[in-house]
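Colleague: Structure, please.
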Amino acid sequence: MEIKTLYFLFMLLILVSYPSQVIGANQSQFFTLMKSSLSGNALFDWDVVGGKPCYFTGISCNDRGYVEKMNMSGWSVSGNFPDDICLYLPELRVLDLSQNQLGGNFINSIANCSLLEELNMGSVYLRENFQISPK
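Modeller: Next up, the predicted model:
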């Protein structure tokens, strides 16, 4: 009976820790995409290989490790903003991209951000066609 109990506890531990590993992987993957598709000096301190996004400049997380705020205001970054931001960052509530030059499919990228409360796009130069497609 002890072996069954230990096996059960081991499996329970794996199941409980699995979501946090998935969260970390998805978030890290998004920041890797950001760093490879955007250019600008402000992104150099993001250690996308070994670092945790919650400790990146401009990033704030909740107590469960989900990214809630991304503030890139005035960073003067340019390039294509990655698609589907909220598939990677499902609890994103604040996104400040003001004073940057962005391209890509940005409008569709934020279309699935159901928790987004604040979007600041002041003085953003967008390079894209505004064709919104339903998801």
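Colleague: which helices and strands sit right next to the helix or strand harbouring Glu68?
Modeller: Per DSSP states H and E: Glu68 is located in strand 67-71. Judged by 3 or more C-beta pairs under 8 Å, 6 or more residues apart in numbering; DSSP states H and E, the packing partners of strand 67-71 are strand 59-61, strand 94-96. Placement of C-beta: from N, CA and C, glycine included.
Colleague: pull the CA atoms of it into PDB?
Modeller: What follows is strand 67-71, C-alpha atoms only, in PDB (Å, rounded to 0.1, in the frame of the first residue of the first chain):
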ATOM      1  CA  VAL A  67       3.100  38.500 -16.900                       C
ATOM      2  CA  GLU A  68       0.400  41.100 -16.200                       C
ATOM      3  CA  LYS A  69       2.100  44.300 -17.400                       C
ATOM      4  CA  MET A  70       4.500  45.100 -20.300                       C
ATOM      5  CA  ASN A  71       5.800  48.700 -20.400                       C
END
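Colleague: buried set for it?
Modeller: Of the residues in strand 67-71, 67-71 count as buried by neighbour count, 16 or more other C-beta atoms under 10 Å.
Colleague: again, but for stretch 68-82
Modeller: Buried residues in stretch 68-82 (16+ other C-beta under 10 Å): 68-72, 75, 77, 79-82.
Colleague: Which residues are in contact with Phe81?
Modeller: Taking C-beta atoms under 8 Å, 6 or more residues apart in numbering as the contact definition, Phe81 lies against 34, 37-38, 97, 102-104, 106, 109.
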